[in-house]
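**Q** Below: sequence and its predicted model.
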Amino acid sequence: MRRDRPIISVGIAGPLGNTLLDGRMDTGADDTVFPERYAASLGLTPVGAPIGQAATALQATTRLWYAQVTLRIADNNEHREWDAVVGFANGLGRPLLGIAGFLEYFDLQWFGAHGIFELTVNANYPGI
């Protein structure tokens, strides 16, 4: 069985570096969360960071810590870049692009019959 997913390449930058990752957009996720294994190379640490908790769809909980980063998406025609507070968590396979920090700035339309999506910047976008 085929499972199309709304995956997009997203750049994340911290004080010491940046990386490009494929993230999954999720309108059911409150937060935007990145795998903790990328934090050190970005110059980010959980020491002194705000701590939170997230629940999965199956109600399992996991610890999050938060940091401010710069996010960037681009295609062949345009790019968007903004500062965001995102969570970091252990055990996450790929970034989860949720409402806070990501989807709050875009309108997402999913074309299920074709397995594609369209993002349109909205009035909340704080762009750099």
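**A** Everything's here; your move. Predicted, not measured: the structure shown is a model, and the values here were computed from it.
**Q** I figured Asn122 hits Asp107, correct?
**A** Yes. In this structure, Asn122 is within contact of Asp107 by CB atoms under 8 Å, at 5.2 Å. For every residue, glycine as well, the C-beta is placed using N, CA and C.
**Q** Contact partners for the spatially most central residue of the chain?
**A** Nearest residue to the geometric centre of the chain (CA atoms, centre = their mean): Leu97, 3.2 Å. Contact analysis of Leu97 by CB atoms under 8 Å, 6 or more residues apart in numbering lists 8, 10, 23-26, 29, 32, 103.
**Q** Which of the residues you listed are buried? Put it as a PyMOL command.
**A** In PyMOL, a selection of the buried entries from the contacts of Leu97 looks like this (16 or more other CB atoms under 10 Å):
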select buried, resi 8+10+23+25+26+29+32+103
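**Q** any chance of the contacts of Leu97 in a markdown table, with distance to Thr61 and pLDDT too?
**A** As requested, the contacts of Leu97 are exported to a markdown table (distance: CB to CB, whole Å; pLDDT from 0 to 100):
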| residue | distance to Thr61 | pLDDT |
| --- | --- | --- |
| Ile8 | 27 | 96 |
| Val10 | 25 | 98 |
| Gly23 | 21 | 97 |
| Arg24 | 20 | 96 |
| Met25 | 22 | 95 |
| Asp26 | 17 | 93 |
| Ala29 | 14 | 92 |
| Thr32 | 18 | 97 |
| Leu103 | 22 | 97 |
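**Q** Thanks again, I'm all set now.
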